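**Q** structure here, sequence nowhere to be found:
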């Protein structure tokens, strides 16, 4: 928010309410269990100082949930385009679609014919591992990253003027809904994660789950756009942030939360460079116990394929 304000970035930034709620397709038993869990979540969030309120019936979606006030929503593509312009004005070199080639020096890489040297490196893993290998990332890290596909569908609800809001259910993986009020009606964007896929771009149709969501929101609604893109998550659902070697850090596995986790990763690396240990750093460390257990099983498979 400070960057957007100080740099004058026009990206439709605003604060809106957001709800964490039980799945719309939950059984009666699951909905009852989720009601208890969500009530506890709201109580815990309030004790942490967050503006959270339990609601027996979430607007638009229905069912129990927790309302979080003052959540940020903006257009990430506009924000990133403007941020690139800011970095270029400050003389920061940016290279796109580049393969990172390691050398014998852990603090030197070859990239698009250039030699990149530095006192510290922060590796931000992309949405796929095509340009990375065990020479850049440890096998244990590669084994813990899970390729997934984000399915996105954009629907139009004519005449339905709904307040802009965010919704996320408690299913695993979670499903997200964003509602925006526009002239003549409302736009709804539905996103869900699926197992690994390679597609990126327009798709022919929305998934059955997305169709059910849209019908629940408005019987007269219709999908206008569908798309898919690859994402990387981790086997335990938390991102990887932390050191993977001397003066080398990794930020990866952001899943459906790239902007939030990206900022969190930047704060963690900043503190590490300054010699400040964040109390929660072990929770997202690349060598945390939950990931090591998986790596012990899958790393030999990766090595055999590489051979």
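**A** Received the coordinates, thanks. Please read these numbers as outputs of a predicted model, since none were measured by experiment.
**Q** CA atoms for contacts and neighbours, from now on please.
**A** Fine.
**Q** residue 123 touches residue 250, doesn't it?
**A** Yes. Using C-alpha atoms under 8 Å, residue 123 is in contact with residue 250, at 4.8 Å.
**Q** so for those two, which sits in the more crowded spot?
**A** Each of residue 123 and residue 250 has its neighbours counted (other C-alpha atoms under 10 Å); residue 250 has more, 23 against 18.
**Q** determine how far the helix or strand where that one lies lies from the middle of the whole chain.
**A** Residue 250 is part of strand 248-252 when elements are defined by DSSP states H and E. Centroid separation for strand 248-252 versus its chain: 16 Å, with C-alpha atoms, centre = their mean, to the nearest Å.
**Q** now do that strand: which elements does it pack against?
**A** Packing partners of strand 248-252 (3 or more C-alpha pairs under 8 Å, 6 or more residues apart in numbering; DSSP states H and E): strand 121-124, strand 240-245, helix 258-273.
**Q** again, only this time at 7 Å
**A** Other helices and strands packing on strand 248-252, by 3 or more C-alpha pairs under 7 Å, 6 or more residues apart in numbering; DSSP states H and E, are strand 121-124, strand 240-245.
**Q** and for the longest one, what's in contact with it?
**A** Under the criterion C-alpha atoms under 7 Å, 6 or more residues apart in numbering, residues 249, 250, 251, 252, 253, 265, 284, 285, 286 lie in contact with strand 240-245.
**Q** for residue 172, state which of the residues you listed is nearest.
**A** residue 253 (15.5 Å; C-alpha to C-alpha).
**Q** which residues touch that closest one?
**A** By C-alpha under 7 Å, 6+ apart, the neighbours of residue 253 are 145, 232, 233, 234, 239, 240.
**Q** can you check the pLDDT for it?
**A** With respect to pLDDT, residue 253 scores 87.
**Q** picking up where we left off before, nearest to residue 50, of the helices and strands packed on strand 248-252?
**A** Among the helices and strands packed on strand 248-252, the nearest to residue 50 by C-alpha to C-alpha is strand 240-245 (24.1 Å).
**Q** pairing partners for the closest one, with directions?
**A** strand 248-252 (antiparallel) (DSSP bridges).
**Q** quick one: the strand it pairs with to helix 258-273, angle?
**A** Strand 248-252 and helix 258-273 meet at an angle of 160 degrees, taking axes from the mean of the first three to the mean of the last three C-alpha atoms, to 10 degrees as the criterion.
**Q** pull the residues that contact strand 248-252.
**A** Taking C-alpha under 7 Å, 6+ apart as the rule, strand 248-252 contacts 120-125, 239-244, 265.
**Q** farthest-separated two in the residues you listed?
**A** Counting by C-alpha to C-alpha, the most remote pair of the contacts of strand 248-252 is 120 and 239, 20.6 Å apart.
**Q** follow-up on the earlier one: how about the contacts of residue 253 in JSON lines, adding neighbour count, distance to residue 139 and pLDDT?
**A** Output for those, formatted as JSON lines (neighbours: other C-alpha atoms under 10 Å; distance: C-alpha to C-alpha, whole Å; pLDDT from 0 to 100):
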{"residue": "145", "neighbour count": "25", "distance to residue 139": "10", "pLDDT": "82"}
{"residue": "232", "neighbour count": "24", "distance to residue 139": "16", "pLDDT": "83"}
{"residue": "233", "neighbour count": "23", "distance to residue 139": "16", "pLDDT": "84"}
{"residue": "234", "neighbour count": "21", "distance to residue 139": "14", "pLDDT": "85"}
{"residue": "239", "neighbour count": "27", "distance to residue 139": "17", "pLDDT": "89"}
{"residue": "240", "neighbour count": "30", "distance to residue 139": "14", "pLDDT": "89"}
